[in-house]
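1. Take this sequence and fold it.
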Amino acid sequence: MEVWLNKNMKICMTDGRTLIGVFLCTDRDRNIILGSCQEFLKSPGSYTSCAPGEPRTLGLAMIPGRHIVSIHVDDQSI
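-> Below you'll find the predicted structure:
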């Protein structure tokens, strides 16, 4: 997981929200901290659980590990 530090990360959550931000750290409970985070709500009528809509800026966000459905790491970020 050390190679993921400071990489852009997209996390889909159980409630349909998608969070995109910079991976800063995690803990033994699988909680994840994202910096410069934006939240995307699932659009009404969307059938996929990770359908981004309009973004909302959160800044620093903690995502509980039990609510994470999927994680995608952008390998192109610096």
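2. Identify the bridge partners of residue 71.
-> residue 11 (DSSP bridges).
3. Low-confidence ranges, the chain, go.
-> Regions of the chain meeting the criterion pLDDT under 70 cover residues 43-53, 77-78.
4. if you set the cut-off to 80 instead, what comes out?
-> Low-confidence segments of the chain (pLDDT under 80): 1, 42-53, 75-78.
5. Please, where are all the strands along it?
-> 8-13, 18-26, 32-40, 55-63, 68-73 (DSSP state E).
6. which secondary structure elements does the fourth one contact?
-> Just to be clear, that refers to strand 55-63. strand 18-26, strand 32-40 (3 or more C-beta pairs under 8 Å, 6 or more residues apart in numbering; DSSP states H and E). Using the backbone N, CA and C atoms, a C-beta is placed for each residue, glycine as well.
7. Sheet partners, orientation included, of the last one?
-> Within its sheet, and counting by DSSP bridges, strand 32-40 is paired with strand 18-26 (antiparallel), strand 55-63 (antiparallel).
8. Tell me which of those lies nearest to residue 33.
-> strand 18-26 (4.5 Å; C-beta to C-beta).
9. Of the strands paired with strand 32-40, which is nearest residue 34?
-> strand 18-26 (3.2 Å).
10. List the buried residues in that closest one.
-> 18, 19, 20, 21, 22, 23, 24 (16 or more other C-beta atoms under 10 Å).
11. Give me the angle between that strand and strand 68-73.
-> Angle of strand 18-26 versus strand 68-73, following axes from the mean of the first three to the mean of the last three C-alpha atoms, to 10 degrees, is 80 degrees.
12. Give me the residues contacting strand 18-26.
-> 1, 4-13, 32-40, 42, 50-52, 55, 58, 60-61, 63, 73, 77 (C-beta atoms under 8 Å, 6 or more residues apart in numbering).
13. Can you check what angle separates it from strand 8-13?
-> Using the same axes, to 10 degrees: strand 18-26 against strand 8-13 is 110 degrees.
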